[in-house]
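Visitor: Attaching a predicted model along with its sequence, questions to come.
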Amino acid sequence: MSVNRAQLVEKIQKQLGGDTSKACADRALGAVVDSIKESVKKAKAVQLIGFGTFKVVSRKARVGVNPKTGQKIKIAASKSVKFSPGADFKKLVK
């Protein structure tokens, strides 16, 4: 089961207290997500102690295989975002 944005906003609203509106909780979530995106876009790591770290990683060019045809294809070098969970977060998942 996954949690969507609306459900996450409801949880944030409850955490912040009864006088917080859903719109305010949604703006707070949006601000956090946008800040993480902006920082990672500038190739900076975002570390949230107890939660984890978001960082940009480079992938080298490589040769792959098309699963339908079995033909070899070239995959270009690219960048991606990696999330590494923190120790406290890892303990919750075990």
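Guide: Yep, it's here. Numbers count the residues shown, from 1 in each chain.
Visitor: how's the protein carved up into domains?
Guide: The chain breaks down into these structural domains: 1-42, 43-94 (assignment by automatic domain parsing).
Visitor: Mean pLDDT and mean neighbour count added to those, as CSV?
Guide: To be clear about C-beta, it is placed using only N, CA and C from the backbone, and glycine gets the same treatment. Shown next, in CSV, are the domains of the chain (pLDDT from 0 to 100; neighbours: other Cβ atoms under 10 Å):
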stretch, mean pLDDT, mean neighbour count
domain 1-42, 91, 12
domain 43-94, 92, 10
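Visitor: Please, where are all the strands along the chain?
Guide: 46-48, 52-59, 62-65, 72-75, 78-85 (DSSP state E).
Visitor: For the fourth one, name the packing helices and strands.
Guide: Using 3 or more Cβ pairs under 8 Å, 6 or more residues apart in numbering; DSSP states H and E as the contact criterion, the elements in contact with strand 72-75 are strand 62-65.
Visitor: Enumerate the sheet neighbours of the strand it packs on, specifying parallel or antiparallel for every one.
Guide: strand 72-75 (antiparallel) (DSSP bridges).
Visitor: Using CSV, write out every CA atom in the partner strand.
Guide: Taking Å, rounded to 0.1, in the frame of the first residue of the first chain, the C-alpha atoms of strand 72-75 are listed here in CSV:
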residue,chain,number,x,y,z
LYS,A,72,22.3,-4.9,-27.9
ILE,A,73,21.8,-1.2,-27.5
LYS,A,74,23.9,1.6,-26.3
ILE,A,75,22.7,3.4,-23.2
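Visitor: And the contacts of it?
Guide: 61, 62, 63, 64, 65, 66 (Cβ atoms under 8 Å, 6 or more residues apart in numbering).
Visitor: any idea how far residue 61 lies from residue 8?
Guide: 37 Å (Cβ to Cβ, to the nearest Å).
Visitor: what's the answer for residue 29, then?
Guide: From residue 29 to residue 8 the distance is 6 Å (Cβ to Cβ).
Visitor: In the beta-sheet assignment, what are the partners of residue 58?
Guide: residue 79.
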